[in-house]
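**Q** What follows is a predicted protein model with its sequence.
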Amino acid sequence: MCGIAGYVGPRSAAPILLDSLQRLEYRGYDSCGIAVQDGSHVFVRRSVSSIAEFREEVLGAAPVGTLGIAHTRWATHGRADLANAHPLVSCDGSILVVHNGALENAFELRDRLISQGHRFTSETDSETIPHLLEQSLAEGRSMDEAIARLPEQLVGSYAIVALHAGGPELFVVRSGSPLVVGVGDGEYFPASDIPSFLPYAQRVVYLHENEPFAVGRSGLRRLSAPGTRASAAASTPLPQPVSLNVESVSKGSFEHYMIKEIMEQVAAIARLTDAPPPSLADAAELMRTASSIKFVGAGTSYHAGLFGQFLMGTLLHTDSEACVSSEFEFRASTLRPGSVVVAMSQSGETADTLQAVRFARDRGARVVGLVNSEGSSLTRAADVVIPLRSGPELSVAATKSYTSQLVALSLLVEHLSEDPKGVARTILQARDSLYELTSDSARSYMASLATSLSRHHHLLLIGRGGNYVTALEAALKIKEVAGLASQAFPGGEMKHGPLALVSEGSPVILFYDHSQIARAELAASELGTRGATIYTVGPQPLRSSTLHIRVNDAGVATPIAQIVPMQLLAYELAKLRQLDPDHPKNLAKSVTVL
């Protein structure tokens, strides 16, 4: 969601911070801002324009200061306007703060601070932070002490970088929201995510929760609240090497990140199948003796959880349940010691999923994490981590991370199956189908389907079993990326309500594998008699297919391949509708607030 960037070092901060903001653009934003210190003066500029326009505006005006902070805001508290853009400032202008997260006690803090004479100029929860710090200073505390007090004052999630005018350091603290510090040669880069500083630093410090630090040219300095001493165990975390490179987070020759990431799926899946993570065996051992198994995820990751539930029932004859992360608190009471929760998140920072993990922990459950981002909160919270290895995913819409999740779940079931060779064979069949499904001819074919669907305002998608999972994920991709209202239903449910939506010319996409062809024919006939236009995705066309997308059968792993044409369809529809497929309306990549 919101993006944070900071810089401390010998170079001019403004160009580096603006470059960092552009690299954080994928997180989604509706405003941006920057603060650069030059001596005792702090230059501040905010905007609701694009980062590209903001860059031109700032570079012509910013001083050559070597310390600064910057921010992209995705509105949650307060409108998307200039008044609510970060950095946010204390009454006297000496403290500037950028924040990502959501403060649950913001109204209570705001009322108290106003009663103490502070003046608020925004609608944000974030503005309470500079005023809290200012109040601490007014009460005689140092800036170090004021920052160290924040974890006991704030309730909710936060990643904070603060600047105190005239000082040589930035101040950082996090809880529930991501914040790391890039480490270069005598320069440091506090940031929401690693891609922001990749051109400048190849080492990173992963900050622990509720551990405040000052960041200066000499490194990180731990801060302690008054009257406390840092324990020996609470040492400053050491820098770790970054496995990403600049090329991996660039578009290369592609027009958008989304199409680049769709085309990278063959290589991403091969990284899992050619060298399966050793942790799969550890996860399988936990699940083999589990008293209950829950799959937890949000959005696309929830659909991956449904696929996991499908595999467990179909291949292992084992009961399990897929849960939406934000609803998991209502199912957590069924957990016991011995339960296993498989938590899935591309970023490893999804707030709903992390909250579900806390519920699971409170009930004594063990946690397996399927994560694509190294060093993320979920990797630290899980007992066993299965890395997805799909590489950076910068388009808001998940593509390669989804198919990697499906493959990782299939590999996990392979470890649990009495017929592991049979499961492995289906995975490889699905993977091999992707060569054809990501070809130039496949993309052209999906562009022609997009043209025929672009005039419609509603789309139905239907499937059974694992193919229903594909229908759900395809509907999500099309609605989020192309803005086309899309609904998915199980094939057997049409007569129980959804058939009322079908009229002459209604487009319906039907998913099936070889075992379901007879049922698919009946469903297509039923829909056709109501005037529906039938588009089919399966191993062979149906009698009533208007347009068919051939996806070779891969048994239970067929959904791994089936979704790829639908990702291409969503992408091509977005382009036809003149939408940005990388940055869908109102959405952000990493949902770090509840």
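**A** Noted; the coordinates are in hand. Numbers count the residues shown, from 1 in each chain.
**Q** Distance check, the nearest residue to residue 292 once chain neighbours are set aside against residue 304.
**A** Leaving aside its chain neighbours, residue 292 sits nearest to residue 339 (4.5 Å; criterion: CB to CB, 6 or more residues apart in numbering). Every C-beta, even on glycine, is put in place using the N, C-alpha and C of the backbone. According to CB to CB, to the nearest Å, residue 339 stands 19 Å off from residue 304.
**Q** Between these two, point out the one with more neighbours.
**A** Each of residue 339 and residue 304 has its neighbours counted (other CB atoms under 10 Å); residue 304 has more, 29 against 19.
**Q** now that one, what's its secondary structure?
**A** At residue 304 the chain is in helix, as set by DSSP: H, G, I helix; E, B strand; the rest coil.
**Q** and it, what is it in contact with?
**A** By CB atoms under 8 Å, 6 or more residues apart in numbering, the contact set of residue 304 is 295, 297, 344, 370, 402, 405-406, 409.
**Q** Just give the closest residue to residue 335, not the sequence neighbours.
**A** residue 363 (3.8 Å).
**Q** Could you give the number of residues near that neighbour?
**A** Neighbours of residue 363 under the rule other CB under 10 Å: 15.
**Q** Ok, residue 291 next?
**A** As a burial measure, residue 291 scores 11 neighbours (other CB under 10 Å).
**Q** Equivalent analysis for residue 116, please.
**A** 12.
**Q** Now do the SS call for the residue nearest to it when sequence neighbours are not counted.
**A** Nearest non-adjacent residue to residue 116, counting by CB to CB, 6+ apart: residue 135, 6.1 Å away. Under three-state DSSP, residue 135 falls in the helix class.
**Q** does residue 135 really touch residue 117, like I thought?
**A** No: counting by CB atoms under 8 Å, residue 135 stays clear of residue 117, with 9.1 Å between them.
**Q** just checking, the residue nearest to residue 292 touches residue 361?
**A** No: applying CB under 8 Å as the test, residue 339 and residue 361 come out as separate, 11.0 Å apart.
**Q** what touches both of these two?
**A** Contact with both residue 339 and residue 361 is made by no residue, according to CB under 8 Å, 6+ apart.
**Q** Output the below-cut-off pLDDT ranges for the chain.
**A** In the predicted model, the chain carries pLDDT under 70 at residues 1, 226-234, 590-594.
**Q** all strands of the stretch 351-500 of the chain, in order?
**A** With DSSP state E, counting those that start in this stretch as the criterion, the stretch 351-500 of the chain has strands at 366-371, 384-387, 458-463, 485-490.
**Q** part of a strand, is residue 537?
**A** Yes: judged by three-state DSSP, residue 537 forms part of a strand.
**Q** how near is the residue of the chain positioned farthest from its centre to residue 384?
**A** Taking CA atoms, centre = their mean as the measure, the residue most remote from the mean C-alpha position of the chain is residue 529, 41.7 Å away. Distance, residue 529 to residue 384, using CB to CB: 51 Å.
**Q** Let me see the contact set for the closest residue to residue 28 other than its chain neighbours.
**A** With CB to CB, 6+ apart as the criterion, residue 28 has its nearest non-adjacent residue at 3.3 Å, and that residue is residue 588. Residue 588 makes contact with 1, 27-29, 74, 396, according to CB under 8 Å, 6+ apart.
**Q** Just want the phi and psi numbers for residue 588.
**A** Dihedral pair for residue 588: phi -130, psi 160, per degrees, to the nearest 10.
**Q** Equivalent analysis for residue 47, please.
**A** Backbone geometry at residue 47, expressed as degrees, to the nearest 10, gives phi -160, psi 150.
**Q** Ok, the one 4 residues further on next?
**A** Its backbone dihedrals place residue 51 at phi -60, psi -40, with angles given as degrees, to the nearest 10.
**Q** for the stretch 101-250 of the chain, what spans make up the strands?
**A** Per DSSP E, counting those that start in this stretch, the stretch 101-250 of the chain carries strands over the ranges 156-164, 170-175, 180-183, 188-191, 203-206, 213-216, 219-222, 240-241.
**Q** For residue 469, find the nearest of those.
**A** strand 156-164 (30.3 Å; CB to CB).
**Q** can I get the CA coordinates of that closest one in PDB?
**A** The C-alpha atoms that make up strand 156-164 are tabulated as PDB, following Å, rounded to 0.1, in the frame of the first residue of the first chain:
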ATOM      1  CA  GLY A 156      -2.500  -0.600  15.400                       C
ATOM      2  CA  SER A 157       0.000  -1.100  12.600                       C
ATOM      3  CA  TYR A 158       2.700   1.200  11.600                       C
ATOM      4  CA  ALA A 159       6.000   1.700   9.800                       C
ATOM      5  CA  ILE A 160       7.400   5.100  10.700                       C
ATOM      6  CA  VAL A 161      10.300   7.100   9.400                       C
ATOM      7  CA  ALA A 162      10.800  10.500  11.200                       C
ATOM      8  CA  LEU A 163      13.100  13.400  10.500                       C
ATOM      9  CA  HIS A 164      14.000  16.000  13.200                       C
END
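**Q** So which elements touch that strand?
**A** In this structure, strand 156-164 makes packing contacts with strand 3-8, strand 67-73, strand 95-103, helix 128-138, helix 143-153, strand 170-175, judged by 3 or more CB pairs under 8 Å, 6 or more residues apart in numbering; DSSP states H and E.
**Q** could you dump these to JSON lines with distance to residue 458 and mean neighbour count?
**A** Formatted as JSON lines, the helices and strands packed on strand 156-164 follow (distance: least, CB to CB, whole Å; neighbours: other CB atoms under 10 Å):
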{"stretch": "strand 3-8", "distance to residue 458": "34", "mean neighbour count": "30"}
{"stretch": "strand 67-73", "distance to residue 458": "33", "mean neighbour count": "29"}
{"stretch": "strand 95-103", "distance to residue 458": "34", "mean neighbour count": "26"}
{"stretch": "helix 128-138", "distance to residue 458": "43", "mean neighbour count": "22"}
{"stretch": "helix 143-153", "distance to residue 458": "48", "mean neighbour count": "19"}
{"stretch": "strand 170-175", "distance to residue 458": "42", "mean neighbour count": "25"}
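**Q** before we move on, the earlier item: residues touching the residue farthest from the centre of the chain, list them.
**A** Shown in contact with residue 529 (CB under 8 Å, 6+ apart): no residues.
**Q** measure it to residue 289 for me?
**A** Remark: distance between residue 529 and residue 289 (CB to CB) = 51 Å.
**Q** Same check on residue 182?
**A** Going from residue 182 to residue 289 by CB to CB gives 41 Å.
**Q** neighbour-wise, which of these two wins?
**A** Legend: neighbour count by other CB under 10 Å for residue 182 and residue 289, higher for residue 182 (25 against 8).
**Q** Test my guess that the more buried one contacts residue 201.
**A** Yes: counting by CB under 8 Å, residue 182 does reach residue 201; the two are 3.7 Å apart.
**Q** joint contacts of these two?
**A** In contact with both residue 182 and residue 201: 189, 242, using CB under 8 Å, 6+ apart.
**Q** The residue nearest to residue 167 when sequence neighbours are not counted: what's it in contact with?
**A** Nearest residue to residue 167, sequence neighbours excluded (CB to CB, 6+ apart): residue 143, at 6.7 Å. Going by CB under 8 Å, 6+ apart, residue 143 touches 133, 137, 164, 167, 171.
**Q** The third one reaches residue 95, doesn't it?
**A** Read it as residue 164. Yes: with contacts counted by CB under 8 Å, residue 164 reaches residue 95, the gap being 5.8 Å.
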